[in-house]
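> Sequence plus predicted model, see below.
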Amino acid sequence: MGVALFVNIEPTWAHGTLSSPASRVYSCFLEGPESPTSAACQYAVSVGGTQPLYDWNEVNIGDANGRHRELIPDGKLCSANRAKYAAFDTPRADWPATVVQSGDYTFKFAATAPHPGYFELYITKDGYDPTQPLKWSDLEQFAVVSDPPLVNGAYEFQATIPARTGRHVIYAIWQRTDSPEAFYACSDVVFQASGGGEPAPTVTPTPDAGVCSAPAWNAAVAYVGGDVVSHNGHEWRAKWWTRGEEPGTTGQWGVWEDLGACSGGTAPTPIPPTATPSATSTPVPPTATPQPTNTPVPPTATPQPTSTPVPPTATPQPTSTPVPPTPTPGGVCSAPAWDANAVYTSGDVVSHNGHEWRAKWWTQGEEPGTTGQWGVWEDLGPCSVGSTPTPVSPTATPTATPIQTPSPTPTNMAPQAFLPLILQSKPQTPTPTATGTPVSPTATPTPTPTATSTPASPTATPTPTPTPTATPTVPPSSDYIVVGYYPSWGVYDSDYHVMDIDASKLTHINYAFANISNDGRCVLGDPYADVDKFYPGDSWDAGALRGSFNQLRLLKEQYPHLKVLISIGGWTWSGKFSDVALTDASRQAFVQSCIDLFIKGEFGGSYGTHPGIFDGIDIDWEYPVEGGLTPGRPEDKQNYTLLLAEFRNQLDALSAQTGQPYLLTIAGGAGPTIINNMELAQMQQYLDFINIMTYDFHGDWENVTNFNAPLYYSPNDPSEDPINFNVHAAVQNYINAGVPREKLVLGLPFYGRSWTEVSPGPNGDGLYQPAGRVGPGTWENGMLDYADIVANYEPTYQKFFHPQAQVPWLFNGTTFITYDDPDTIVRKVQYLKAEGLRGAMFWELSEDVRGVPAPPTSLLYTLHEALQSP
């Protein structure tokens, strides 16, 4: 599944926020999402639930590209105009604040992963009123810092804070330069008087001695070097990253430094954020509690904390002097060599100076052998001939940048043209100018000589006019399969989770996507979404599984009939297929890694082993030989067959051990050139079925309007190869290439495509007419979710139906939208039944009208009902 039109793919995981001075959302997270202590944070939870606090590092805009003032209106600066964080825009004078002084300050920005970029720092002007909405005109810029160093998981940089008195806001923007993505943070500060001026509010000392001011230690929270907690009447400072290690139990050389018994009410000094000792990041008591001015929205689901990189500081390590290991003569290191520029996470294994090393936690640039006994690298010993370490997770694993959910009211949604993982996820784009030898379909529907568009009748009974070419034995309705792709990035702003899937109407879910590492092995596509995101009922215990994978496990328990496959590749991540398929050795190693990771569930590290989540593997290679984002090789045609044979052999060998059959499927392109670049007759013998991506025949990469997924050929179609670029022709080409009908699954788009500045043309309907530019989109220009179309475009556009192509379209005089509606779904189901096909597949679940059970207005509901009907 993929879109060829978008570039600047950024498969990375880049989240973060200001940790010193702490941003609003981060401060509330540190108070504890389930029971915050301050009135402001309690209010934020009452409005938006706990999820925004757990996702403190996601206040971002995916396609900002420096357009901050354009995309974020006044009053929405702290949320970056994202509804999820709207509560933090509320004007009030009691947000948790950090005490600062004017002058030099060490800013810290807790970052999940490093990226090139720059920080813009602003501060509110004199006279700022915290009880009024924050506006751009309230701010003045005081620093711009490019590419600061990453120290213990946080960017650190010096800047001079201008002179102010009283309460203010420091506003930070982190604009990445390797991506349009930007992150935003509002940090409330109170200025401590220095030689004059109004003194800042201070914490009132607690009269009872022995009261701890630091937050209580929480076994579920991750702490990093410099964090201060209270426990058993003492305060403790973390020396490095830790979670679950109780203060007072780790000994002199352990992670916690005992700061002594708590003293009455005075705040601890968790390592001052500035060079001036008095700037101690002391929480400030509320000065006023205004009533909330906005209407609370229902709270979201309540997950638990993710990894919490609280602002780390340089903490002296144990005094033992590490000695770099001496290379062992004759030892062969199997692990990849350590790379100072690479990011490693817990469980990753590297080789360096003749030894192999395992990362204990997130790290970059810390050389193995130099961090000491208590450092990030665990020495696994000298390399030995043939030793094979078990790397747990990929280096610099990509993730998903968040996408937004369409509103049910008509809106002009901003495109997200550079979303990192969206591009690999969208449906495939057959090469519009395919030059391969067309395989003539066995039958072509007889068209009406002059096709004229007619307004669509919503109650028309769908009846395909062409006669099927064969009369196969049609399986009973209960035997049809329904395959829905679920995108891993659905957990972000799209807010579509595994628990939102109506699995009663599916037989298979294909989870998109897994990636391929540079060394030719299967790796997680988005570790956070896949195995780490916390949902209610999840556990932080070692070996516990979280994320969407655990939700899939629970979904399968609820729906025992359901099969789940991991889909590998997609448009963005197909570039390594040609390499892993190249030799017998590369094929064996790659296949084994995929089976170990996904079928055996060997996730490694703190995630443990969890077999049984995935029932098989779906290969989405876009595309062998040519036509993909990365050029292939001529030998890909044969090597694809050999790769599938290796998958089948290893899956069958595992089945012999477990007694469990495993599925193997592919997503296949629909264009004739793509079809001709596969040995389909040979490939199919290793496959349970083939999902044909019968959509994206036309789109905004062309400058003439046309249909996204026409069922049949239209004689008036002006495109280069109209006979082959339709659903019926693609199906017949697969059959003629040697694939049994019962192994073919028909692809359906749950989205549409659009053009604008379109000429009405002689019929006034915009069809087959020149377009000036790409049309509107839900997440990116030119592509619209079905839910968006039905809510925001159908009500105001004129709807047409094409009698030959058997699909509808919308036109409003300038904008043309092609899509599949419920009527089209019924027609295509009738077609697949008449052709004796195995069932239907669609891209993708989050684009449909949502609900559990699926509402009657959804395409999934229509598909299910049509397959069940005679």
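Cool, got the structure.
> So in this structure, where's the weakest helix or strand by average pLDDT?
Lowest by mean pLDDT, DSSP states H and E among the helices and strands of the chain is helix 422-425, with a mean of 25.
> Can I get stretch 861-870 in CSV, CA atoms only?
Output of stretch 861-870 as CSV, limited to C-alpha atoms (Å, rounded to 0.1, in the frame of the first residue of the first chain):
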residue,chain,number,x,y,z
TYR,A,861,-21.2,-2.4,7.1
THR,A,862,-22.2,-2.3,3.5
LEU,A,863,-19.4,-4.7,2.5
HIS,A,864,-20.4,-7.2,5.2
GLU,A,865,-24.1,-7.0,4.3
ALA,A,866,-23.4,-7.4,0.6
LEU,A,867,-21.2,-10.5,1.1
GLN,A,868,-23.8,-12.1,3.4
SER,A,869,-26.7,-11.5,1.0
PRO,A,870,-27.4,-14.1,-1.8
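> Contacts for that stretch next, please.
477-478, 480, 482, 505, 748, 822, 825-826, 829-830, 839-840, 842, 853-856 (C-beta atoms under 8 Å, 6 or more residues apart in numbering). Backbone N, C-alpha and C define where each C-beta goes, glycine included.
> Please point out which parts of that stretch sit buried.
861-867 (16 or more other C-beta atoms under 10 Å).
> now do stretch 702-711
Quick answer for stretch 702-711 (16+ other C-beta under 10 Å): 705-711.
> still on that earlier bit, which ones among the buried residues of stretch 861-870 are found in helices?
The helices, defined by DSSP state H, take in 861-867 from the buried residues of stretch 861-870.
> Redo the residues you listed as JSON lines? Include pLDDT.
Output for these, formatted as JSON lines (pLDDT from 0 to 100):
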{"residue": "861", "pLDDT": "97"}
{"residue": "862", "pLDDT": "98"}
{"residue": "863", "pLDDT": "98"}
{"residue": "864", "pLDDT": "97"}
{"residue": "865", "pLDDT": "96"}
{"residue": "866", "pLDDT": "96"}
{"residue": "867", "pLDDT": "96"}
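> As TSV, those with distance to residue 635 would be great.
Formatted as TSV, these follow (distance: C-beta to C-beta, whole Å):
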residue	distance to residue 635
861	45
862	43
863	38
864	42
865	45
866	42
867	39
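> Which two among those residues are spaced furthest apart?
The most widely separated members of these, counting by C-beta to C-beta, are 861 and 867 (11.2 Å).
> Number of residues surrounding the closest residue to residue 257 other than its chain neighbours?
Leaving aside its sequence neighbours, residue 257 sits nearest to residue 237 (C-beta to C-beta, 6 or more residues apart in numbering; 4.6 Å). By the measure other C-beta atoms under 10 Å, the count of residues near residue 237 is 23.
> Check residue 639 too.
Quick note: residue 639 (other C-beta under 10 Å) scores 24 neighbours.
> And residue 825, by the same measure?
25.
> Now intersect the contacts of stretch 861-870 with the helices, please.
822, 825-826, 829-830.
> quick revisit: which one of the buried residues of stretch 861-870 is nearest to residue 512?
When the buried residues of stretch 861-870 are compared against residue 512 (criterion: C-beta to C-beta), the nearest one is residue 863, at 18.8 Å.
> The closest one and residue 832, how far apart?
With the distance defined as C-beta to C-beta, to the nearest Å, residue 863 ends up 10 Å from residue 832.
> shared neighbours of those two, which are they?
Residues touching both residue 863 and residue 832 by C-beta under 8 Å, 6+ apart: residue 840.
> Any buried residues in the strand or helix carrying residue 646, and which?
Residue 646 belongs to helix 636-658 when assigned by DSSP states H and E. Going by neighbour count (16+ other C-beta under 10 Å), the buried part of helix 636-658 is 636-637, 639-648, 650-651, 654.
> Packing partners of it?
Packing partners of helix 636-658 (3 or more C-beta pairs under 8 Å, 6 or more residues apart in numbering; DSSP states H and E): helix 577-580, helix 584-594, strand 616-620, strand 663-668, helix 680-683.
> any idea how far it is from the chain center?
Chain-centre distance of helix 636-658: 29 Å, with C-alpha atoms, centre = their mean, to the nearest Å.
> Just the mean pLDDT for it, thanks.
Averaged across helix 636-658, pLDDT comes to 97.
> what do you get for stretch 690-705?
97.
> What residues sit buried inside it?
Those would be 690-700, 705, for stretch 690-705 by 16+ other C-beta under 10 Å.
> Over to stretch 802-817?
802, 804-811, 815-817.
> Among those residues, pick out the one closest to residue 140, please.
residue 815 (41.4 Å).
> okay, now residue 144: neighbour count?
Going by other C-beta under 10 Å, the residues that sit close to residue 144 add up to 12.
> show me what contacts it?
118-121.
> now, which of the residues you listed lie within strands?
In this view, these that belong to strands under DSSP state E are 118-121.
> Quick check: bridge partners of residue 185?
Beta-bridge pairing for residue 185 (DSSP bridges): residue 172.
> before we move on, the earlier item: is it possible to export the contacts of residue 144 to TSV including distance to residue 174?
Shown next, in TSV, are these (distance: C-beta to C-beta, whole Å):
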residue	distance to residue 174
118	8
119	5
120	8
121	10
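> Run through the stretch 51-200 of the chain and note the low-pLDDT ranges.
Residues of the stretch 51-200 of the chain that meet the criterion pLDDT under 70 lie in 112-114, 193-200.
> cool, and the stretch 501-650 of the chain?
In the stretch 501-650 of the chain, no residues with pLDDT under 70.
> do that again at 80, thanks
The stretch 501-650 of the chain contains residues with pLDDT under 80 at 605-606.
> returning to what we had before: write the ChimeraX selection for whichever of the ones in strands among the contacts of residue 144 are buried.
Applying 16+ other C-beta under 10 Å to those, the buried members can be selected in ChimeraX as follows:
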select :119,120,121
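> which among the ones in strands among the contacts of residue 144 gets closest to residue 686?
Closest to residue 686, out of all of the ones in strands among the contacts of residue 144 and judged by C-beta to C-beta, is residue 118, at 50.4 Å.
> mind listing what that closest one touches?
Contacts of residue 118 by C-beta under 8 Å, 6+ apart are 144-147, 174-175, 177.
> So among these, which ones count as buried?
Buried members of these, scored by 16+ other C-beta under 10 Å, are 145, 174-175.
> so residue 187 touches residue 96, yeah?
No: Residue 187 is beyond contact range of residue 96, at 9.7 Å (criterion: C-beta atoms under 8 Å).
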